[in-house]
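J.: turn this into a model:
(chains A and B)
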Amino acid sequence: MDNQNINQNPAPTAVITKRGVKMNFEGKIPFRQRLVMRLTSSSFWIDRVWYLFRFILMVGISFVILYPFLNKMLTSIWPLSDFSNTQVNMIPTRVSFNIYVKLAQHWHYLRILRNTLILSVLTAGLQTFVTCMIGYGLAKFRFKGNKLILILVIVTMAIPHRTLSLSLFQHFLEFDLFSIKATNLPGLFELISGHTIRMSNTFWPFAILSATGLAFKNGLYIFMMRQFFHGVPDELEESAYVDGSGTFRTFFQIILPLSIPMMITIFLFAFSWQWTDSFYTNLFFSSSSGGVGLMPDLLKSAPPTLEVTSQAIKGPYLEAIKNAGGLMVIFPLVIVFLFCQRYLVQGIERSGIVG
Amino acid sequence: MTNTQNAKLKLPRLGKASLAERKARKGWLFVLPFVIGFLLIYLPIIIDSISFSFMSIDIKTNSEGESYTVVVQHGLEYYKKLFDDDDFLKKLLDGVLQLLWEVPAVVIFSLFVAVILNQKMLGRAVFRAIFFVPVILSTGLLETLTASKLSGEDIDDGSGESAADEFISVMDVQTLFSTMAVGRELVVFIVKLVNNVYSIINYSGVQMLIFLAGLQSISPAIYEAARIDGASAWETFWKITFPMISPMILVNGIYTIIDSFTRQNNVVMQYIADDVYPTQKSLATAEYWVYFLIVFAIVAAFAGIVSAYVFYQRRD
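T.: Numbers count the residues shown, from 1 in each chain, chains lettered A, B, ... in the order given. Purely as a prediction, here's the structure:
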């Protein structure tokens, strides 16, 4: 009986692939028939049209984003002679990487790359972890003052640091805890040890701001994480608690792996904003110290080896140097993004709850 | 005697309360870095900044040629003066009106793009990388590259807006809509969108990535269940994706409001920084704080309305 059945209707064959088990239900249907069935189904065509539509849309929007860069990229590979040649418009007569090479030599590009990479990875990593922790605390624990802290987070998000630059500068020049400069009252450090801590020209301001969730746009990250964790079902932690896992172990082993896409996104934001930052470095590093050799230095001034004497082409040429510098700043970031975006894929079971 | 009796009676309840208390205390541990930082570092900075708006600092030179600073207390003078500053009030209104179309436009656009970039497509990684470029430039920190580019209005030739203009001219859109029987407000809204395609795309980068991360965290099992039950893609979007992403819509809405208001090239921020700050620093500080209060009020109103509709996958 059983044997007969199998002969009439071949059992679907299962193939184990990387993504799971693929069932083949169509074993005995001839290829031609399958093709016709496929081509006549409406869902097949709707899928194809939708695919084409969104592809064209993405190409169009990408063009709008990249169009301004096209001109900048092209002028930066103009050879010097093209700047005085009125016939040249956008497309250079020959490709010259002179500006890039000279910029890289003058600013010691590899050293700058290394310095910026270390600073950006450390601050971004710290910010990602700290904001993740704060977001978790705000989302999952109902203690008194929870709502108030959330409001304060949004307050820090809404006040741009640029408008606070004077106070920020004063406070980190002579760092002290809870010192209000306007009243001239001593802060906690001054009360205890008698003097404040000078923090200009060090990386401490970055570390302190990152570790307390106050650095650039950290309010946004905390709020993002809070909203994300608020949506994670409580059952997940409860089952971990029942199994005897403590709060922190649950956080590290159950919750953090869930939030990898969120953390990658926050890391990318923090990393790229630290990478391109000139506001904070200008604020916390005095110009007389000659800078620390970070990415935005590339844009500060043209290297002497690239100076031209002709007044007529000076303007556009300087512009081209700045564009080249800007592209040299952005390019490593795009590489980092391409690397990180692989983790932004759906398909991993994250909620851990079935049914 | 009575004491021990009471203790005995309360024991079960005490135990329960202490469990909740213990959990609450652990919550405090998680938010402790922020609380410490806010109280000990951020609050003094804010207080200092606010106190600048109550006084003016003059640099004077004495008879021996040495300069010294004189602090003059003004009380609420600058806050009264600010309401006579007609330009400020007018620009404030402009900023709020701009917000009314910008927030929905940016949020809807970025959600749309995020949904598309979440589906499998040829060259998806490249498209994502291109959409990441506005994120890098959105802060305006890399000024040399953004100077002629991100300021939507005063754009020079060869830059992005003209590229957008070449695609669709405003007149076409207007004639297209005049034949349809739709409300005038909608036409005005659409025309504004088309005119500002370039800036909307560039302001949506951050929101797009946030939505993308939010979409990643929706469990594929839910989609699978819906597919088995025969839900169409349209239904799946409105019944699954939209509610599951709604917490991030709240984040992005608030972020868009704040970003729109506090961006370097916002009309009010620009006015205060360029026209008021160089001559009257204290008045500028006062105007900043009044402005931020208005931003908070708008954010609070928005959050109050939207959070009533946000769906969280948890029991309350």
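J.: all strands for the stretch 101-250 of chain A, in order.
T.: Ranges of strands in the stretch 101-250 of chain A, per DSSP state E, counting those that start in this stretch, are A:174-175, A:197-198.
J.: name the stretch among those strands that sits most buried.
T.: Mean neighbours per residue, mean count of other Cβ atoms under 10 Å in any protein chain shown, is largest over these for strand A:174-175, with a mean of 18. To be clear about C-beta, it is placed using only N, CA and C from the backbone, and glycine gets the same treatment.
J.: sheet partners, orientation included, of it?
T.: strand A:197-198 (antiparallel) (DSSP bridges).
J.: how about residues contacting the partner strand?
T.: With contacts defined as Cβ atoms under 8 Å, 6 or more residues apart in numbering or on different chains, strand A:197-198 is touched by A:173-176, A:189.
J.: mind listing what's buried in the host helix or strand of B:Met269?
T.: Using DSSP states H and E, B:Met269 sits in helix B:267-271. If you call a residue buried by 16 or more other Cβ atoms under 10 Å in any protein chain shown, then helix B:267-271 has these buried ones: B:267-269, B:271.
J.: quick one: average pLDDT of it?
T.: For helix B:267-271, mean pLDDT rounds to 83.
J.: do the same with stretch A:231-244
T.: Averaged across stretch A:231-244, pLDDT comes to 83.
J.: cool, stretch A:198-216 as well?
T.: Here the average pLDDT along stretch A:198-216 is 84.
J.: ends of that stretch, how far apart?
T.: Terminal residues of stretch A:198-216 are spaced 22 Å apart (Cα to Cα, to the nearest Å).
J.: buried stuff in it?
T.: With burial defined by 16+ other Cβ under 10 Å, the residues of stretch A:198-216 counted as buried are A:199-200, A:203, A:205-216.
J.: ok, and which of those reach chain B?
T.: With the criterion set as Cβ under 8 Å from any Cβ of the partner chain, the members of the buried residues of stretch A:198-216 near chain B are A:208-209, A:211-214, A:216.
J.: closest one to A:Ser165 out of the residues you listed, please.
T.: Proximity of these to A:Ser165 was ranked by Cβ to Cβ; the top entry is A:Phe216 with 12.4 Å.
J.: let me know how buried the nearest residue to the closest one once chain neighbours are set aside is, in neighbour terms.
T.: Nearest residue to A:Phe216, sequence neighbours excluded (Cβ to Cβ, 6 or more residues apart in numbering or on different chains): A:Trp273, at 5.5 Å. A:Trp273 has 24 neighbours, counted by other Cβ atoms under 10 Å in any protein chain shown.
J.: mind telling me what element A:Trp273 is part of?
T.: Taking DSSP H and E as the criterion, A:Trp273 maps to helix A:260-275.
J.: picking that back up, so which of the buried residues of helix B:267-271 is the closest to A:Thr131?
T.: So of those, ranked by how close each gets to A:Thr131 (Cβ to Cβ), first place is B:Met269, at 25.2 Å.
J.: quick one: contacts for the closest one?
T.: A:160, B:261-263, B:291.
J.: pLDDT-wise, what's the bottom of those residues?
T.: Across the contacts of B:Met269, no position has a lower pLDDT than B:Arg263, which has 80.
J.: quick one: the helices in the stretch 151-300 of chain A?
T.: Taking DSSP state H, counting those that start in this stretch, the helices of the stretch 151-300 of chain A run over residues A:165-173, A:188-193, A:204-211, A:218-230, A:234-242, A:247-250, A:256-258, A:260-275, A:279-284.
J.: which helices and strands does the next helix or strand after the helix holding B:Met269 pack with?
T.: Using DSSP H and E, the helix or strand that follows helix B:267-271 in sequence is helix B:281-307. Counting by 3 or more Cβ pairs under 8 Å, 6 or more residues apart in numbering or on different chains; DSSP states H and E, the packing neighbours recorded for helix B:281-307 are helix A:146-158, helix B:43-52, strand B:55-61, helix B:77-82, helix B:86-118, helix B:242-262.
J.: need the winner for burial among the ones you listed.
T.: Each of the helices and strands packed on helix B:281-307 was assessed for mean neighbour count using mean count of other Cβ under 10 Å. The highest is helix B:242-262, with a mean of 22.
J.: which sections of the chain are below the confidence cut-off?
T.: By default, I'm working from chain A. Residues of chain A that meet the criterion pLDDT under 70 lie in A:1-28, A:178, A:181-187, A:194, A:286-292, A:301-302, A:305-306, A:309, A:345-355.
J.: not what I meant, chain B
T.: Along chain B, segments meeting pLDDT under 70 span B:1-20, B:57-61, B:65-72, B:74-75, B:139-184, B:314-316.
J.: report the central residue of it.
T.: B:Tyr255 (2.0 Å; Cα atoms, centre = their mean).
J.: what's near enough to touch it?
T.: Counted by Cβ under 8 Å, 6+ apart, B:Tyr255 has contacts A:157, A:220, A:223, B:206-207, B:210.
J.: now do 10 Å
T.: Contacts for B:Tyr255 (Cβ atoms under 10 Å, 6 or more residues apart in numbering or on different chains) come out as A:154, A:157-158, A:217, A:219-220, A:223-224, B:103, B:106-107, B:206-207, B:210, B:248, B:299.
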